[in-house]
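*Asks:* Need coordinates for the following:
(chains A and B)
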2 protein chains.
Amino acid sequence: MSIQKLKNQVIMRNEKFIETAEQLKPQLHETIVKPSSIVQIKAASEVIHGCKSEVIAPASSLTDSEYGKKDSVVLDFGDHQVGYLTIKIRPAGSPPDAPLKLKLTIGEMPVEMAEPFENYNGWLSSSWLQEETIFVDVLPAIISLPRRYSFRYVKFEVLDTSPKYKVVFESIECKSVTSANLIEVEKISHEDNELQRMDEISLKTLADCMQDVFEDGPKRDRRLWLGDLRLQALANYQTFGNNELVKRCLYLFAGVPDDNGRVPANVFVAPQLIADDTYLFDYSLFFVSTLHDYYFATSDVETLKELWPTAYCQVELALERLDENHILMDTPDWWSFIDWQEGLNKQAPSQAVLIYTIKQAIRLAEELKLPEKDCFEKQLEVIVEATRTHLWDQEQQFFISGSDHQVSWASQIWMVMAGVLTKEENTKLMNRLFAENPVVGIATPYMYHHLIEALIVSGEKEQAITEMKIYWGGMIKDGADTFWELYDPKNKDFSPYGSHLINSYCHAWSCTPTYLIRKYNL
Amino acid sequence: MSIQKLKNQVIMRNEKFIETAEQLKPQLHETIVKPSSIVQIKAASEVIHGCKSEVIAPASSLTDSEYGKKDSVVLDFGDHQVGYLTIKIRPAGSPPDAPLKLKLTIGEMPVEMAEPFENYNGWLSSSWLQEETIFVDVLPAIISLPRRYSFRYVKFEVLDTSPKYKVVFESIECKSVTSANLIEVEKISHEDNELQRMDEISLKTLADCMQDVFEDGPKRDRRLWLGDLRLQALANYQTFGNNELVKRCLYLFAGVPDDNGRVPANVFVAPQLIADDTYLFDYSLFFVSTLHDYYFATSDVETLKELWPTAYCQVELALERLDENHILMDTPDWWSFIDWQEGLNKQAPSQAVLIYTIKQAIRLAEELKLPEKDCFEKQLEVIVEATRTHLWDQEQQFFISGSDHQVSWASQIWMVMAGVLTKEENTKLMNRLFAENPVVGIATPYMYHHLIEALIVSGEKEQAITEMKIYWGGMIKDGADTFWELYDPKNKDFSPYGSHLINSYCHAWSCTPTYLIRKYNL
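*Replies:* Numbers count the residues shown, from 1 in each chain, chains lettered A, B, ... in the order given. Below is the predicted model of the structure:
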């Protein structure tokens, strides 16, 4: 895995946009949640990660026990939480004559309770693993931990007290936070229980990622990414309708373009708004897409007018990458995300993303009655024609990508999404894709989302449902309370980061079943 | 080592006394102290604990370096500090895309920087070892750690950042706190440099232990013990003159006697005043001693009147332990501190402490013109006579203790302090003690203090100075910034707790050279 680190990033801050975003900062809804059970984590070779939690007592019995040196307890909050822990501890025995040394291990999945974080040797920073070692000098104490955690389970390990006293955990609670209003969302009652459950878990996933921005994952990276935002916004229009939050996020991106006008792939919002030094070809274009979807969800023409120049600029910058054949140059120094899939060539799917977003830009220009519409339409025609000419392999009947003419799932899916072929051709292409099953497959729920939508737009609704049940339904069978950043039904330990401990088990780009079910009446 | 844990302790709270103590709570003086140097800790077999610190750069150069994963730095604050750390950190490189995981190891001695706390396996709680592992989610950050530390050195270890950024420590400072006013104390200029230095280090030791009570050690146990208080108060009268703090501490003890009126060996002051469930024969009697010394330092007759009943009660309770021969019963279930010395029998030294404190009680009763004076005088006569009869071994010319007739240093020293013999006999006894050197020796600076004072009161001032230079002078040569809880010049790794890491290197009961030097014009 490689990363971008820019030396000479120049950001042109648009303070007006930043101020608009700041004004839209949401109030978070807070709910106090108590743990439901005391559990033990047991080895179980038949389940994902090889371990599962088993209830051993109700959480209400926690106060019956005194915990001394080396004692531990795992609490289960019953569902996924994003929030702040408060622990009330009292001493038992003699007056505490030494501080309490207490370790907390906080995790979304049972495996995080089972495998010591010390052994983690993955590629991403170990600082994402949720743990704290705290010293309590004065007991009894009410400890409100200042950091926000994303979890279902919390392990408490008493590392030391003194021979003279133990401790009792009098109460433990989580102040769960979200900017989504779970009560106001319209519930569906699907006759298909699996789809019903998928919808519910999508809602929970999205809600837990909705904080003062749309975060990608509340455990990791807790950050606003454009690619994730696009999907979250789509799910949000069908459910919570918190359109102000989408607007805020659009203004955040528009607030920190670089000196060419390009929006970054993600932004940080603390200690203040900062553009990350990561730029992705597809993610920048998704600014257009997100603005497009926002406008058609809200009819907010003022925002469209104000942000159109930013959207326009992303297309213009993307067009600069076209070679003399109107095909994207596939040089080693460019970055397009598309999917985590190992070995995936990004040229053809990125070309498709360009077409997909130019079409959206044309719709927006049309709404604004701008002359750019005609210009984009002419360019689109040329690009689509070039794509059919240079990226379609007549013999294989697949789109190909890069100098090795790679046939990948991603290329076909995005070309279907982009509408490069006719609907009938798309249907055939999707059927061929499943029949021939090219080796360069799909790695993430993000790409799976596009597979499902490509099936739907090419008329294969039933297969779309079947695939959703295999994929998101698989996560549910494997114990998901919220949908995951990564899931490979055939290799359940998969992590691109070298350890399943660091994976995010509540991840925005995995929240789209509710969008797909509701939008397309699945 | 064994501990007291009482099941049925009943405390009779005297709210009036507790309120008086509360009113006397001192304002702490705060001083901002910056580190002086960046040091490295090197193995050095010739020095105590086998390691020493070596300056490698001024602390001002700290900002020249960026610290990434696994980098570390040790800062030297130049002298012992008791206070609160504030760290200002900024990121270097890309915007921080993962939390900073930072470990702090905080120590009074170089060895605490060198030996991993993980390996600690001593008898006292590992929670006393000063360390923190903190996660910083947002950078730059100013982190004010809420706990108070006692230290000279701080090691910063960056456990993780991310491949995209490092950190710079922009500023690190300590808000040092004490209720002693170091500026107002009268400086001495001793012609003997060693005594001069001993006086200075005593002052620093005492000051660092003077917080909102007289603590035994600011690193460990951070608590008000009666035995330590007595010595701190004596040093305080000669130096800082913070007599209100002594008064406060007396009222704290008098505020929480048990249902027999016995004052505990120590009290906790947070979250509120709590009597520990440890009672020590000698420490309870030192309430009399501390009140006696306070009265003669302040002439505060109101306090004497108010606290006399508490003092009186301690003597009465102690007298109940006398057997039909007027000698303290030496049963397995009683607790008297005297010294940590392994195998020390407490009977004879405790008998001496009883005599020593009855004499002080008589002086106080005399001041108050109370009839108890005569009563105590009669009892004293009988007890002293019994002591000479039953605890003096005519053949050995030593006091003996317990059923095994143990001859210990502690017994002789305390009998001299108690004035059981004439001054001439005392002088001979002290000389004989050094000449014959009984095996049951002295373990702590607390007992060394009494050795020195016994030498002085028996007229052996020169030898007192010689011994002070060997003992406290030895600590100075071994690098003491403040005087230590424990020191054995012949076994410098000595700890009664199983590890020198947990020893306190700034300990109240070791602060008395300034008292001895100033009071006795050494």
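*Asks:* Now do the strands in chain A.
*Replies:* A:29-33, A:37-43, A:51-58, A:72-93, A:100-107, A:131-136, A:141-144, A:149-160, A:165-178, A:224-225, A:266-268, A:274-275, A:392-393, A:398-399 (DSSP state E).
*Asks:* and of those, who's closest to residue B:158?
*Replies:* strand A:131-136 (16.5 Å; C-beta to C-beta). C-beta: built from backbone N, CA, C; applies to glycine.
*Asks:* which strands and helices sit next to that closest one?
*Replies:* strand A:100-107, strand B:131-136 (3 or more C-beta pairs under 8 Å, 6 or more residues apart in numbering or on different chains; DSSP states H and E).
*Asks:* Go again with 7 Å.
*Replies:* For strand A:131-136, the packing partners by 3 or more C-beta pairs under 7 Å, 6 or more residues apart in numbering or on different chains; DSSP states H and E come out as strand A:100-107.
*Asks:* Most tightly packed of the strands of chain A?
*Replies:* strand A:224-225 (a mean of 28; mean count of other C-beta atoms under 10 Å in any protein chain shown).
*Asks:* Parallel or antiparallel, list what pairs with it.
*Replies:* strand A:266-268 (antiparallel) (DSSP bridges).
*Asks:* Off-centre distance for the strand it pairs with?
*Replies:* How far strand A:266-268 lies from its chain's middle: 14 Å, per C-alpha atoms, centre = their mean, to the nearest Å.
*Asks:* do the same with stretch A:501-518
*Replies:* For stretch A:501-518, the distance to the chain centre is 6 Å (C-alpha atoms, centre = their mean).
*Asks:* Please put the alpha-carbon coordinates of it into CSV.
*Replies:* The C-alpha trace of stretch A:501-518 is given here as CSV (Å, rounded to 0.1, in the frame of the first residue of the first chain):
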residue,chain,number,x,y,z
LEU,A,501,-8.1,-5.6,14.2
ILE,A,502,-7.6,-2.2,12.5
ASN,A,503,-10.6,-2.7,10.1
SER,A,504,-13.5,-0.4,10.6
TYR,A,505,-16.7,-2.3,11.4
CYS,A,506,-19.0,0.6,10.9
HIS,A,507,-18.2,2.2,7.6
ALA,A,508,-20.1,4.8,5.6
TRP,A,509,-19.4,3.4,2.2
SER,A,510,-21.1,0.2,3.3
CYS,A,511,-24.4,1.8,4.3
THR,A,512,-26.0,1.9,0.8
PRO,A,513,-28.4,-1.1,1.0
THR,A,514,-31.1,1.2,2.4
TYR,A,515,-30.6,3.6,-0.6
LEU,A,516,-30.7,0.7,-3.0
ILE,A,517,-33.8,-0.9,-1.4
ARG,A,518,-35.7,2.3,-1.1
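*Asks:* near chain B at all, that stretch?
*Replies:* No - Stretch A:501-518 stays clear of chain B (C-beta under 7 Å from any C-beta of the partner chain), getting no nearer than 10.1 Å.
*Asks:* Show the average pLDDT along that stretch.
*Replies:* Averaging pLDDT along stretch A:501-518 yields 98.
*Asks:* before we move on, what about stretch A:295-313?
*Replies:* Rounded mean pLDDT across stretch A:295-313 is 98.
*Asks:* CA atoms of that stretch as PDB?
*Replies:* What follows is stretch A:295-313, C-alpha atoms only, in PDB (Å, rounded to 0.1, in the frame of the first residue of the first chain):
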ATOM      1  CA  TYR A 295     -29.600  19.600  -6.000                       C
ATOM      2  CA  PHE A 296     -32.100  17.100  -7.300                       C
ATOM      3  CA  ALA A 297     -32.900  16.100  -3.700                       C
ATOM      4  CA  THR A 298     -33.400  19.600  -2.500                       C
ATOM      5  CA  SER A 299     -33.900  22.000  -5.400                       C
ATOM      6  CA  ASP A 300     -31.600  24.300  -3.500                       C
ATOM      7  CA  VAL A 301     -30.600  26.400  -6.500                       C
ATOM      8  CA  GLU A 302     -28.700  29.000  -4.400                       C
ATOM      9  CA  THR A 303     -26.200  26.400  -3.300                       C
ATOM     10  CA  LEU A 304     -26.000  25.000  -6.800                       C
ATOM     11  CA  LYS A 305     -25.200  28.500  -8.200                       C
ATOM     12  CA  GLU A 306     -22.600  29.100  -5.500                       C
ATOM     13  CA  LEU A 307     -20.800  25.700  -5.900                       C
ATOM     14  CA  TRP A 308     -21.100  25.300  -9.600                       C
ATOM     15  CA  PRO A 309     -17.700  26.900 -10.300                       C
ATOM     16  CA  THR A 310     -16.100  24.400  -8.000                       C
ATOM     17  CA  ALA A 311     -17.900  21.500  -9.700                       C
ATOM     18  CA  TYR A 312     -17.100  22.900 -13.200                       C
ATOM     19  CA  CYS A 313     -13.400  23.100 -12.300                       C
END
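*Asks:* now what about that stretch, what contacts it?
*Replies:* For stretch A:295-313, the surrounding residues in contact (C-beta atoms under 7 Å, 6 or more residues apart in numbering or on different chains) are A:237, A:243, A:247, A:250, A:254, A:257, A:261, A:263, A:287-288, A:291, A:361, A:364, A:367-368, A:372.
*Asks:* picking that back up, can you put the strands of chain A in JSON lines and add mean pLDDT?
*Replies:* Shown next, in JSON lines, are these (pLDDT from 0 to 100):
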{"stretch": "strand A:29-33", "mean pLDDT": "98"}
{"stretch": "strand A:37-43", "mean pLDDT": "97"}
{"stretch": "strand A:51-58", "mean pLDDT": "97"}
{"stretch": "strand A:72-93", "mean pLDDT": "98"}
{"stretch": "strand A:100-107", "mean pLDDT": "98"}
{"stretch": "strand A:131-136", "mean pLDDT": "98"}
{"stretch": "strand A:141-144", "mean pLDDT": "98"}
{"stretch": "strand A:149-160", "mean pLDDT": "98"}
{"stretch": "strand A:165-178", "mean pLDDT": "98"}
{"stretch": "strand A:224-225", "mean pLDDT": "98"}
{"stretch": "strand A:266-268", "mean pLDDT": "98"}
{"stretch": "strand A:274-275", "mean pLDDT": "97"}
{"stretch": "strand A:392-393", "mean pLDDT": "98"}
{"stretch": "strand A:398-399", "mean pLDDT": "98"}
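*Asks:* Relative to residue B:161, which of the ones you listed is closest?
*Replies:* strand A:266-268 (14.7 Å).
*Asks:* residues in contact with the closest one?
*Replies:* A:223-226, A:252-253, A:256, A:273-276, A:278, B:95.
*Asks:* Recalculate using a threshold of 8 Å.
*Replies:* A:216, A:221, A:223-226, A:252-253, A:256, A:273-276, A:278, A:283, B:95-97 (C-beta atoms under 8 Å, 6 or more residues apart in numbering or on different chains).
*Asks:* again, but for stretch A:174-188
*Replies:* A:26-34, A:77, A:81-86, A:148-149, A:196, A:199, A:203, A:206-208, A:210-212, A:239-242, A:245, A:517-518.
*Asks:* hang on, the earlier thing: out of the strands of chain A, the one nearest residue A:417 is which?
*Replies:* Here strand A:398-399 is closest among those (C-beta to C-beta), at 11.8 Å.
*Asks:* before we move on, the earlier item: please list the members of the contacts of stretch A:295-313 that lie in helices.
*Replies:* Among the contacts of stretch A:295-313, the residues falling in helices (DSSP state H) are A:237, A:243, A:247, A:250, A:254, A:287, A:288, A:291, A:361, A:364, A:367, A:372.
*Asks:* Please report the distance of the nearest residue to the second one once chain neighbours are set aside from residue A:292.
*Replies:* Nearest residue to residue A:243 in three dimensions, chain neighbours excluded: residue A:298, at 5.0 Å (C-beta to C-beta, 6 or more residues apart in numbering or on different chains). Taking C-beta to C-beta, to the nearest Å as the measure, residue A:298 and residue A:292 are separated by 11 Å.
*Asks:* And the two? Which one has more around it.
*Replies:* residue A:292 (22 against 16; other C-beta atoms under 10 Å in any protein chain shown).
*Asks:* residues from the stretch 251-400 of chain A in reach of chain B?
*Replies:* Taking C-beta under 8 Å from any C-beta of the partner chain as the criterion, the stretch 251-400 of chain A approaches chain B at residues A:268, A:270, A:271, A:274, A:275, A:276, A:277.
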